[in-house]
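> just coords:
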Ligand code: 2P0
């Protein structure tokens, strides 16, 4: 009976991934650049057990909904195929941030699962193997395998062998802050995979979105290496708004914002007009994340926490990559 535990932190894209070049292999159509966070993450224990009659998934000690169990089971099929292990597994997973908060947990979840499951299956998987497995679970997950600032190239190879994450700079390279603002969430929005596919298939602007990516990647990667906050902030905010613009141009439009989102957007822009150096980004949900320097994080967090529509605020910084726990 093989068993292993791994932890991975979630990551936030500075240059966004939106769109797939291969839906079966879940290959991205654009490259992305992210920051792995320091506290929000997932710890997962996998045990392959010949006595089980199907894969089991416990989320925070409770049986997970069937859709999540089935998705995990499909992922474990890939690990069984790669390792030759035939038995089913029990998976116990825990997020150290509120799962119901609507903050994405699939990046840290599949990075931790890929690492724990391969180790439990007796594989000593290299980064390329881990990345290609994690990516099948979630396109943003390979980035959480590494710490600090991470680039994930879209690549061109049909088998995805050139879609392997690369660390642009370690976490200690640049002491930035990300103020994560949880805005009141309404009805459940469109899932990332569905939103991306709808965008690819129906947006007249999809080609322009893909074309712009190389420039954003180059500018953002250079800004990270040179610790050029102004340039990074500008590129981050532009990449976010362009991602949401292309999603909004799908039919029907893919809209992730709520009232609180829009209020926070305006507030961040007016703080910036008043001289506070801060830039925002948003993902496939209503929350707004504000990139800033350490000296401004408390002020920004307090200001945003007091706004109507804001349910909570967390302050994050660059953190380490995924690791196997003893
Ligand atoms: C990102 N997002 O780069 C982008 C920006 C959300 C907005 O990757 O379909 O769960 O499983 O590959 O990774 C979130 O979607 O999508 C995401 P799939 P994933 O972080």
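Great, that's in hand. Values in this document were obtained by computation on a predicted structure and should not be read as measured data.
> and the stretch 101-250 of the chain, which residues reach the ligand?
Listed as neighbours of the ligand in the stretch 101-250 of the chain under the rule CB under 6 Å from any ligand atom: 104, 106, 138, 139, 140, 192, 193, 196. Heads up, the C-betas are built off the backbone N, CA and C, glycines and all.
> list the helices and strands the one helix or strand the last one maps to packs on?
The reference is to residue 196. Assessed by DSSP states H and E, residue 196 sits inside helix 192-202. Applying 3 or more CB pairs under 8 Å, 6 or more residues apart in numbering; DSSP states H and E, we find helix 192-202 packed against strand 20-22, helix 229-248.
> strand partners of the shortest one, parallel vs antiparallel please.
Going back to what we said before, that points to strand 20-22. strand 27-28 (antiparallel) (DSSP bridges).
> Check whether the strand it pairs with comes near the ligand.
No: Strand 27-28 lies out of reach of the ligand by CB under 6 Å from any ligand atom, never closer than 7.4 Å.
> Tell me which of the helices and strands packed on helix 192-202 sits most buried.
Mean neighbour count, computed with mean count of other CB atoms under 10 Å, is highest for helix 229-248 among those, reaching a mean of 20.
> who does it touch, helix- and strand-wise?
Right, helix 229-248 is packed against strand 3-15, helix 192-202, helix 206-225, strand 278-281, strand 288-292 by 3+ CB pairs under 8 Å, 6+ apart.
> Not counting it itself, show me its contacts.
13-16, 18, 176, 195, 199, 203, 205-206, 208-209, 212, 216, 219-220, 222-224, 253-257, 277-282, 291, 293 (CB atoms under 8 Å, 6 or more residues apart in numbering).
> what about the very next helix or strand once past it and the ligand, touching?
Tracing the chain C-terminally past helix 229-248 and defining elements by DSSP H and E, one meets helix 259-273 next. No: counting by CB under 6 Å from any ligand atom, the ligand has no neighbours in helix 259-273; the shortest distance is 13.7 Å.
> by how many degrees do helix 259-273 and strand 288-292 diverge?
Angle, helix 259-273 to strand 288-292, by axes from the mean of the first three to the mean of the last three CA atoms, to 10 degrees: 20 degrees.
> gap between helix 259-273 and the chain center?
Centroid separation between helix 259-273 and its chain, computed with CA atoms, centre = their mean, to the nearest Å, is 23 Å.
> in it, what's buried?
Applying a neighbour-count criterion of 16 or more other CB atoms under 10 Å, one finds 260, 261, 263, 264, 265, 267, 268, 271, 272 buried in helix 259-273.
> Many thanks, I have nothing further to ask.
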